[in-house]
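A.B. asks: mind folding the following:
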Amino acid sequence: MHHWIVLVLLAALTTGCIGWADAGERPGSVTGQARVVIGGVSFPVYEAKMAASGATNAVAWTQRDGAYRLTFLRKGQHDLHLQALHGTYRQSLYVQGRERRDWVLQPGNVNAERFFELAALKRVWLDAKNQLQAAYDGELVRWEKRKIAVYMDVYGAPYGFDAATADRYWQELRRWEQYLAHQYEFVKAGDPQRADIVVQWVEPWEIGDQAGITRQVAHYYNGALKLVEIYISVAWADFPGVWEHELGRAMGLGAVSDQNSVMYPRLMLSGPQRRTLSQYEASLVRLMYDIPSGQRLGGGWRPAAASVAGGLEDGDGALDGADLFGLSDGLTVAAGQLLDVDLDAGAAGALPLVPAREAPVSGARESVLRVEPGMTPDMMPDVTLDVLPHRAP
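C.D. replies: As a prediction, the model looks like this:
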């Protein structure tokens with residue numbers, strides 16, 4: 001009996017010594033912060049995968065402030081890969097001890113005005129006279145949970161509602177899973193009390209001259225979405241672009257000033273208004289979902305001439321080097337340009353980072369989709385869609 005106890009103790013000591021020796025051979029670490037610069041404004045990159053290869057293989061994830069830490073690295077050459085939804089960036093460094101490597105990302109082909117509108121950092125709305133208004137006082141708000149439960153109140157819909165409409169709505173939800181490289185998943189909720197997004201169809205008179213209304217009812221303390229309610233007029237339920245617009249608002253997108261976009265705050269019959277997001281807008285959505293909720297444009301930001309010149313139109317393409325579907329792991333490749341900048345000194349021309357809120361949101365945020373005067377549900381528009389084939393995760 002005592003013989004076995006001695007053997008066990010010797011094995012434990014041997015294992016401990018090997019562990020201490022291994023830890024002694026890996027004294028290195030790399031810490032830093034990742035930010036993305038858009039229109040001269042610096043935002044943290046959140047939940048991006050930081051992978052080291054070479055002398056050591058290690059993985060870490062960026063935090064809400066963009067910080068990351070790779071530990072227990074052997075001395076030697078390492079390749080670092082930052083994998084975000086919108087693209088992958090690479091750097092190399094030789095690890096000797098405690099190293100610091102910051103990342104300042106500048107994705108290519110990003111129109112700052114278009115991004116700020118789509119990310120709701122620049123608010124766009126129609127006033128009482130149906131005139132387009134804008135203000136740079138918005139806030140980026142998105143889902144941060146990766147599994148989003150959706151309840152569609154088919155049984156509570158008005159008489160005559162076609163239940164097959166809900167199936168078409170789910171097709172757009174699957175399209176959004178593709179937009180976000182299958183890093184987010186929509187699941188059906190059997191109970192509205194257990195849902196994150198609740199969809200209801202209502203009588204036209206209940207929401208006036210709007211085709212749909214989306215309300216961000218509840219947020220988490222960090223600004224992330226917690227509960228969203230969508231109300232769609234049963235008269236407009238099958239009209240192309242209505243559900244697509246409201247779902248975009250439910251995902252945190254803002255209204256935009258481009259009349260050709262599905263996110264324009266008025267449903268248009270005339271003109272080539274899209275009935276879903278363009279590929280370029282989808283690439284901006286991925287960029288938006290790399291930034292944590294609660295960000296604002298600080299310092300009284302206003303657009304510089306260079307940031308709005310040569311604005312992109314729908315169909316001009318996605319971010320440079322970014323494939324719509326990305327790699328097999330759902331991450332895009334080699335998008336944009338990497339700048340080796342000391343973040344402590346600040347990126348040239350960048351405004352200070354605006355932290356997320358520390359207090360809860362009070363009251364619901366409501367957005368409406370108005371209908372062009374004289375337009376009726378039986379007037380079918382010139383539908384412009386990007387038909388995306390289904391791809392498994």
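
A.B. asks: and the nearest residue to residue 163 once chain neighbours are set aside, what's its pLDDT?
C.D. replies: Excluding its sequence neighbours, the residue lying closest to residue 163 (CB to CB, 6 or more residues apart in numbering) is residue 154, at 5.1 Å. No exception for glycine: its C-beta is placed from N, CA and C like everyone else's. With respect to pLDDT, residue 154 scores 96.

A.B. asks: pretty sure residue 154 is touching residue 161, no?
C.D. replies: Yes - contact criterion CB atoms under 8 Å: residue 154 and residue 161 qualify, at 7.4 Å.

A.B. asks: in terms of helices and strands, where is the residue nearest to residue 163?
C.D. replies: If you go by DSSP states H and E, residue 154 is not part of any helix or strand.

A.B. asks: again with residue 56
C.D. replies: Residue 56 belongs to no helix or strand, assigned by DSSP H and E.

A.B. asks: residues contacting it?
C.D. replies: 26, 28, 72-74, 76, 78, 95 (CB atoms under 8 Å, 6 or more residues apart in numbering).

A.B. asks: residue 168 in helix, strand or coil?
C.D. replies: helix (DSSP: H, G, I helix; E, B strand; the rest coil).

A.B. asks: neighbours of it, how many?
C.D. replies: Close neighbours of residue 168, defined as other CB atoms under 10 Å, add up to 13.

A.B. asks: look up how far residue 207 lies from it.
C.D. replies: In this structure, residue 168 and residue 207 are 20 Å apart, going by CB to CB, to the nearest Å.

A.B. asks: quick revisit: which ones are touching the residue nearest to residue 163?
C.D. replies: Contact analysis of residue 154 by CB under 8 Å, 6+ apart lists 161, 163, 166.

A.B. asks: hang on, the earlier thing: farthest-separated two in the contacts of residue 56?
C.D. replies: 72 and 76 (13.1 Å; CB to CB).

A.B. asks: where does the prediction get shaky in the stretch 101-250 of the chain?
C.D. replies: Nowhere does the stretch 101-250 of the chain drop to pLDDT under 70.

A.B. asks: which parts of it are strands?
C.D. replies: 103-106, 123-126, 132-135, 147-152, 185-188, 197-202, 210-219, 225-233 (DSSP state E, counting those that start in this stretch).

A.B. asks: tell me the strands beside the fourth one, with direction?
C.D. replies: Each strand that pairs with strand 147-152, with its direction, by DSSP bridges: strand 185-188 (parallel), strand 197-202 (parallel).

A.B. asks: got JSON lines for those strands, with mean neighbour count and distance to residue 44 too?
C.D. replies: Shown next, in JSON lines, are the strands paired with strand 147-152 (neighbours: other CB atoms under 10 Å; distance: least, CB to CB, whole Å):
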{"stretch": "strand 185-188", "mean neighbour count": "14", "distance to residue 44": "24"}
{"stretch": "strand 197-202", "mean neighbour count": "22", "distance to residue 44": "26"}
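
A.B. asks: how about these in CSV, adding distance to residue 114?
C.D. replies: Putting these into CSV (distance: least, CB to CB, whole Å) gives the following:
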stretch, distance to residue 114
strand 185-188, 26
strand 197-202, 25
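
A.B. asks: so which of those strands comes closest to residue 121?
C.D. replies: Of these, nearest to residue 121 by CB to CB is strand 197-202, at 22.2 Å.

A.B. asks: give me the residues contacting that closest one.
C.D. replies: With contact meaning CB under 8 Å, 6+ apart, strand 197-202 is reached by 148-153, 156-158, 161, 165, 169, 192, 227-234, 237, 250.

A.B. asks: how far does stretch 147-164 stretch from start to finish?
C.D. replies: In stretch 147-164, first residue to last residue: 24 Å (CA to CA, to the nearest Å).

A.B. asks: name the residues of that stretch that are buried.
C.D. replies: Using 16 or more other CB atoms under 10 Å as the test for burial, stretch 147-164 gives 148-152, 154, 157, 161.

A.B. asks: so what secondary structure elements neighbour the helix or strand where residue 283 lies?
C.D. replies: Per DSSP H and E: residue 283 is located in helix 279-288. Here helix 279-288 touches helix 112-118, helix 164-179, going by 3 or more CB pairs under 8 Å, 6 or more residues apart in numbering; DSSP states H and E.

A.B. asks: most tightly packed of those helices?
C.D. replies: Burial of those is given as mean neighbour count (mean count of other CB atoms under 10 Å); helix 112-118 ranks first at a mean of 23.

A.B. asks: so which elements touch that one?
C.D. replies: Applying 3+ CB pairs under 8 Å, 6+ apart, we find helix 112-118 packed against strand 28-38, helix 279-288, helix 305-308.

A.B. asks: if you set the cut-off to 10 Å instead, what comes out?
C.D. replies: The elements that helix 112-118 packs onto, with contact taken as 3 or more CB pairs under 10 Å, 6 or more residues apart in numbering; DSSP states H and E, are strand 28-38, strand 41-44, strand 123-126, strand 132-135, helix 279-288, helix 305-308.
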